[in-house]
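> coords below, sequence missing:
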Ligand SMILES: Cc1cc2nc3c(=O)[nH]c(=O)nc-3n(C[C@H](O)[C@H](O)[C@H](O)COP(=O)(O)O)c2cc1C
């Protein structure tokens, strides 16, 4: 016992001069972020830092959240087929998307209203992706205007748009996007109407967030978030704020945006977008081989296999389960990306092995942003990149470009190869 006390005393003596900096590190975003080592830990950090209503807006999904769960579960169920005694002293993570070289095969998925998590919102997320040499996809429903994001960031951006009813508004946004130098247009096709998200309904989450006694109590329990929010309440869709019919106040703007989702749109309408946008088009939200072929037919250069993170149609298949046939169907005609459920670097390896050129991450970035602002977002990206490099080295796979279906073992099959079925 005495020995133990002496040991502790010696340790304390050594650490005493460092205590102020340790304490400081725990008080700052950068210090807190450095202590989280996995996306699951960042998620927990976000859960603690954010009012429940905001955390659930990010973490939740449609219906019973079956599809959201399947995205993660089906990725986890795939095994890697490691090879030993391969020279992995140099692990290559770089690739290209739509002709642009990127240092890592991971992009930032578009997410609306990230300013609810932290006032720096999409600006912080874009900077986190740029810090690792990749691309951020800015959503039309962002809480910062595209001009502000361009001014305050220095790397490549893509712009995500919906097939809104008001084509005048869409044309105007596309012209602004081209002016901002966005390198590709991502058209999200899985929102003919907004899905029912039960957590949001139960929490009374709406736009703008209503101040009820419960909201105030939640704010008091999350003072850091509340003081930031009070100083800079980012509750508007900045790209359309002040627009005719949209009004400048958040209530009429959100009513306006909700009325914009157009259930009449079909594949034929994509021709109009093709005429409006000179650069490459990515169709996001494809889960079916025939739809992938339709996207190519209307002139898309790339497809993002996505179910909106399970936030639209519940009971849709997980994205990894439909990836390989879609890659086969459009092979040589369009690049294919995947999002949904990427929580580990090994998930990226699996998606790339099954034919994706790159992955997009949504919630991991949002957790980081909510937990510790830009430092947290950077941490989220770095965690995934470090895990990716580690996985490749340990599996004897020295380059993301060399991955193929023989590098994974699908569930239910004892052997590797594309003959295996996932579902
Ligand atoms: C809070 C939040 C907001 C989102 N907003 C949009 C959006 O405005 N447009 C869009 O195309 N997708 C949106 N998504 C879907 C993401 O782009 C992406 O498809 C999804 O998050 C990927 O799944 P993951 O969160 O498991 O990585 C959103 C996702 C989240 C979590």
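Okay, I see it. This one's a predicted model, so the numbers in the text were calculated from it and none came from an experiment. Numbers count the residues shown, from 1 in each chain.
> pLDDT score for the closest residue to the ligand within the stretch 151-300 of the chain?
Shortest the stretch 151-300 of the chain-to-the ligand distance, computed as C-beta to the nearest ligand atom: residue-wise this is residue 188, at 3.5 Å. C-betas here are computed from N, CA, C, even on glycine. Looking at residue 188, its pLDDT is 98.
> again, but for residue 247
pLDDT, the model's per-residue confidence, is 48 for residue 247.
> neighbours of the nearest residue to residue 152 once chain neighbours are set aside, how many?
Computed as C-beta to C-beta, 6 or more residues apart in numbering, the closest residue to residue 152 that is not its neighbour in sequence is residue 123, at 4.9 Å. Here the number of neighbours of residue 123 (other C-beta atoms under 10 Å) works out to 25.
> mind listing what residue 123 touches?
Remark: with contacts taken as C-beta atoms under 8 Å, 6 or more residues apart in numbering, residue 123 is in contact with 144, 148-149, 152-153, 374.
> for the ligand, what is the nearest residue in this protein?
Proximity to the ligand, evaluated over the chain using C-beta to the nearest ligand atom, is greatest for residue 362 at 2.2 Å.
> just give me the residue closest to the centre of the chain.
Central residue check for the chain by C-alpha atoms, centre = their mean: the C-alpha nearest the mean position is that of residue 362, 1.6 Å away.
> what's the nearest residue to it if we skip its chain neighbours?
residue 109 (3.8 Å).
> any quick ChimeraX command for the buried ones out of the contacts of residue 123?
A single ChimeraX command suffices to select whichever of those are buried according to 16 or more other C-beta atoms under 10 Å:
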select :144,148,149,153,374
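> widest-spaced pair of the contacts of residue 123?
148 and 374 (14.8 Å; C-beta to C-beta).
> about what we covered before: hmm, the residue of the chain closest to the ligand is touching residue 311, no?
No - in terms of C-beta atoms under 8 Å, residue 362 does not count as a neighbour of residue 311; the distance is 9.0 Å.
> how about the residues of the protein near the ligand?
Applying the criterion C-beta under 6 Å from any ligand atom, the portion of the chain that neighbours the ligand consists of 58, 71, 109-112, 139, 141, 160, 188, 284, 306, 308-309, 311, 339-342, 361-363, 366.
> just checking, which of those residues belong to strands?
Per DSSP state E, strands hold the following members of those: 139, 160, 188, 284, 339, 361.
> quick one: contacts for the fifth one?
Just to be clear, that refers to residue 339. With C-beta under 8 Å, 6+ apart as the criterion, the residues that contact residue 339 are 109, 304-306, 309, 319, 359-362.
> out of those residues, flag the one nearest to residue 27.
Closest to residue 27 out of the contacts of residue 339 is residue 361 (27.8 Å), distances taken as C-beta to C-beta.
> how about the closest one, nearest residue that isn't a chain neighbour?
In this structure, residue 361 finds its nearest non-sequential neighbour in residue 342, 4.8 Å apart by C-beta to C-beta, 6+ apart.
> can you report how many residues neighbour that neighbour?
Here the count is done by other C-beta under 10 Å, and residue 342 has 28 residues near it.
> start at 45 instead
Yes, from this point I'll number from 45; that puts the last item at residue 386.
> and it, how far from residue 264?
34 Å (C-beta to C-beta, to the nearest Å).
> just to revisit the earlier point, now render the contacts of residue 383 as a markdown table, adding pLDDT.
Listed next are the contacts of residue 383 as a markdown table, based on pLDDT from 0 to 100:
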| residue | pLDDT |
| --- | --- |
| 153 | 99 |
| 348 | 99 |
| 349 | 99 |
| 350 | 99 |
| 353 | 98 |
| 363 | 99 |
| 403 | 99 |
| 404 | 99 |
| 405 | 99 |
| 406 | 99 |
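> in helices, which of the residues you listed fall?
If you go by DSSP state H, the contacts of residue 383 have residue 363 in helices.
> wait, which of the contacts of residue 383 is closest to residue 283?
Proximity of the contacts of residue 383 to residue 283 was ranked by C-beta to C-beta; the top entry is residue 153 with 17.2 Å.
> what about stretch 273-281, how long is it end to end?
For stretch 273-281, the separation between the terminal residues is 16 Å (C-alpha to C-alpha, to the nearest Å).
> could you give me the average pLDDT of that stretch?
The predicted model gives stretch 273-281 an average pLDDT of 87.
> re earlier: who's the residue of the stretch 195-344 of the chain closest to the ligand bridged to?
Under the criterion DSSP bridges, residue 232 forms beta bridges with residue 206, residue 328.
> shouldn't it be in contact with residue 329?
Yes - contact status for residue 232 versus residue 329: in contact at 5.4 Å, counting by C-beta under 8 Å.
> mutual contacts of those two, please.
With contacts defined as C-beta under 8 Å, 6+ apart, the residues adjacent to both residue 232 and residue 329 are residue 352.
> can you map out the strands along this protein?
Using DSSP E, strands in the chain cover 123-124, 139-141, 144-146, 150-152, 180-183, 201-206, 229-232, 325-330, 346-349, 379-383, 402-405, 452-453.
> so which elements touch the third one?
In this case it means strand 144-146. On a contact count with 3 or more C-beta pairs under 8 Å, 6 or more residues apart in numbering; DSSP states H and E, strand 144-146 meets strand 139-141.
> got the buried residues for the strand it packs on?
Those would be 139, 141, for strand 139-141 by 16+ other C-beta under 10 Å.
> my read: the residue nearest to residue 406 touches residue 404, true?
Yes - proximity of residue 153 to residue 404 meets the contact threshold set by C-beta under 8 Å, at 3.9 Å.
> give me the common contacts of the two.
The overlap between the contact sets of residue 153 and residue 404 (C-beta under 8 Å, 6+ apart) consists of 181, 383.
> how about low-confidence regions in the chain?
45, 251-255, 287-298, 458-467 (pLDDT under 70).
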